[in-house]
Structures are given as structure tokens and as C-alpha cells.
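**Student:** Quick one, fold the following:
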Amino acid sequence: MRQTISKFLHSIRCAVFGDPPPTVAVVRLYGVISPGKRFRASLNLASVAPQLERAFSMPGLAAVALQINSPGGSPVQSALITKRIRDLAREKHVPVLTFAEDVAASGGYMLALAGDEIFANESSIIGSIGVVSSGFGFTEAIRKLGIERRLYTAGESKAMLDAFSEEKAEDVERLKAIQGDIHEHFKSLVRERRGKRLKGLRTHIFSGDVFTGTDAVKQGLIDSIGDMRSVLRDRFGKKVRTRLVGEKKPRFGALLGLRRGMEESPSGGVADLPGGILSAIEERLFWDRFGL
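**Tutor:** Coordinates of the predicted model:
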């Protein structure tokens, strides 16, 4: 109902004052992609869907611009967000332009693929089309501490790659097979979205390597070097209006990486303070992979 009224008022303004300047809705997709509220600025479908709905429902919309700054994360959430953007773009018949900032890598690059065109800075980090899993092995540590590991399962693969058990070759092979399937899904999406614009060797593009914005243009992973303001003014004229959707200023606790632990504590205090600190460290490691 609210959208219908907004569109009606827009049509009245156009009739009285003439056509307004073109409007571009801007959606910022910043942070590590993960389910729930694992990190300070977790990106997932639940957190961004309301912003996307508002962006694509603006009256007089010329385009939606995505500002992306993400080192990746969950492949499932990355795919869900990308699909939602493409679904809305088709339903509303609105073009989508993507602008990569510091990094659009791994799942962050998957988000960039939601755009009909992708732009970046010369020094942006682009790509990382691959899959990575990591963990730790504590078998020697618990042995030295005299700790006995007790693990009971129903199903021989239920405790695959348990950090406190000896690593098994067959478990590693199974993990690699799973990674291979996910990698194939990623590559298929890149081929679908970029098509004939891909110029580099597929073995190099899909190796998990990263590229600067300049090299990414040569590989066909992005379309051009450019910043949002310049591209939009060139595309829609100097009077183009941008409307940022869903910006929220972080609180002081969030800046310290402690907000998640404090909010999810049953008492509302600092019971999960160590968990918040560990999440902040893990989040930092995602960015450190790309020197950021």
C-alpha cells in the first residue's frame, strides 16, 4: 500500500513539475558474508533483503548501484543474495551496476556478479574464484596434556575431520570432493554472468588467484575502471540523484568487535565477551588474506 501511494505521488509530481532527475538507489554490501550475526557486519540474505526490496521499489528508479567491499565468506549466503538481486532486477526491469571498492573477492566477487556491469578501482582486489576450508589439529596437544578424547557417533562419517582426532586420508578426499562441487557452482555462475566478456585463460581465472582492478579488466572479470559518482554522472547525466538505502552507523561496542557477544548473552552483559573477541579476530583474518 505504501509503495502504491509513493508511486501515485511521484506521478503527480511529474505531471505538475515535469520529469525529475533520474534516481539511482545505492545499496552497500560491506563485510564478511556469514549466516546469523557471527561478525560485526555480517552479510546474509536476512540482513540485506529489506534493503534490496526498498531499493528496487523506489519510484522513478533509473538503476540500482551496489557498493561492494567484502572478502567473501559463506558460499550459500553469497549465492542467495546474488539470486535475490537478479530476481528483483528482472521483476522490476531495473539495471544493476556494481562498484567494487577495496576488495570483491571469493563470495564478495559472487555478489559483484549480480550487476549487469562491474566497475572497480585500479587497485581493487578482485577474484579469488575458489573454495577454502581451514581448521586445526589438536591431537598432539591433548596427548601432552594427558587428555583422553571421548567421541561417540552414529554414522561413520559423522565426526569427519574432528580437530581432536587423527586426520584420515579418506576424510580429506571427501572434503576435497565437496569443495570441488562448490567450486563448480561458482565457476558456472561466473560463466553465466560474464559469458563472452571473459578474456583470460579459464585455468588462471578459476585458480583462486586474485587480480588488481586493472588486471581484472584484462581478464574480463570486470567491465571497466571507474568510481560510482563518475560512472553514474556519465550514464544518467550530471543531475542524477543517488539515494543510499539502509545505512546504519555502528555503535562504539560494535567498533571494538564486542557487540555480538554482549547482545547474545542471556543476561545482556558481557558473559560472551571471549566469543565476541574471537569473532573479531576471525573476521580480521578474512581481510588479512588480501592484505587489508
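**Student:** need the strands for the stretch 101-250 of the chain, in chain order.
**Tutor:** 117-120, 125-127, 210-212, 224-225, 241-245 (DSSP state E, counting those that start in this stretch).
**Student:** Contacts for the longest one next, please.
**Tutor:** Put plainly, it is strand 241-245. Strand 241-245 has contacts (C-beta atoms under 8 Å, 6 or more residues apart in numbering) with 20-28, 51, 54-55, 58, 65, 228-229, 232. Yep, even glycine has a C-beta here, placed from its N, CA and C like the rest.
**Student:** partner strands of it, parallel or antiparallel?
**Tutor:** strand 23-30 (parallel) (DSSP bridges).
**Student:** Mind listing what's buried along the partner strand?
**Tutor:** Neighbour-count burial for strand 23-30 flags 23-29 (criterion: 16 or more other C-beta atoms under 10 Å).
**Student:** Now find how far off-centre that strand is within its chain.
**Tutor:** 14 Å (C-alpha atoms, centre = their mean, to the nearest Å).
**Student:** contacts for that strand?
**Tutor:** Outside strand 23-30, the residues that touch it by C-beta under 8 Å, 6+ apart are 41, 43, 48, 51-52, 54-56, 58-70, 81, 97, 108, 111, 228, 232, 236, 240-247.
**Student:** just to revisit the earlier point, dump the strands of the stretch 101-250 of the chain into TSV; add distance to Met160, mean pLDDT and mean neighbour count as well.
**Tutor:** Formatted as TSV, those follow (distance: least, C-beta to C-beta, whole Å; pLDDT from 0 to 100; neighbours: other C-beta atoms under 10 Å):
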stretch	distance to Met160	mean pLDDT	mean neighbour count
strand 117-120	37	98	25
strand 125-127	29	97	26
strand 210-212	29	97	21
strand 224-225	44	98	14
strand 241-245	42	96	15
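**Student:** Of the ones you listed, give the one that comes closest to Thr203.
**Tutor:** Nearest to Thr203 among the strands of the stretch 101-250 of the chain is strand 125-127; the distance by C-beta to C-beta comes to 13.4 Å.
**Student:** Does anything pack onto the closest one? Which helices or strands?
**Tutor:** strand 96-105, helix 107-112, strand 210-212, helix 213-219 (3 or more C-beta pairs under 8 Å, 6 or more residues apart in numbering; DSSP states H and E).
**Student:** nearest to Lys176, of the ones you listed?
**Tutor:** Of all these, it is helix 107-112 that lies closest to Lys176, at 19.6 Å by C-beta to C-beta.
**Student:** Give the buried residues for that closest one.
**Tutor:** By 16+ other C-beta under 10 Å, the buried positions in helix 107-112 come out as 107-112.
**Student:** Dump the strands of the stretch 101-250 of the chain to JSON lines, plus distance to Lys158.
**Tutor:** Converted to JSON lines, the strands of the stretch 101-250 of the chain look like this (distance: least, C-beta to C-beta, whole Å):
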{"stretch": "strand 117-120", "distance to Lys158": "41"}
{"stretch": "strand 125-127", "distance to Lys158": "35"}
{"stretch": "strand 210-212", "distance to Lys158": "35"}
{"stretch": "strand 224-225", "distance to Lys158": "49"}
{"stretch": "strand 241-245", "distance to Lys158": "43"}
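**Student:** so where is the stretch 51-200 of the chain shaky, pLDDT-wise?
**Tutor:** For the stretch 51-200 of the chain, the stretches flagged by pLDDT under 70 are 135.
**Student:** mind listing the helices for it?
**Tutor:** 75-92, 107-112, 139-144, 169-194 (DSSP state H, counting those that start in this stretch).
**Student:** Please identify the most buried of those helices.
**Tutor:** Across those, the average number of neighbours (mean count of other C-beta atoms under 10 Å) peaks for helix 107-112, which reaches a mean of 28.
**Student:** got a list of contacts for it?
**Tutor:** 29, 33, 43, 66, 68-75, 77-79, 81-82, 85, 98, 100, 104, 118, 126-129, 186, 189, 221-222.
**Student:** Tell me how far the residue nearest to Ser207 when sequence neighbours are not counted lies from Ala154.
**Tutor:** Nearest residue to Ser207, sequence neighbours excluded (C-beta to C-beta, 6 or more residues apart in numbering): Gly130, at 6.9 Å. Applying C-beta to C-beta, to the nearest Å, the value for Gly130 to Ala154 is 34 Å.
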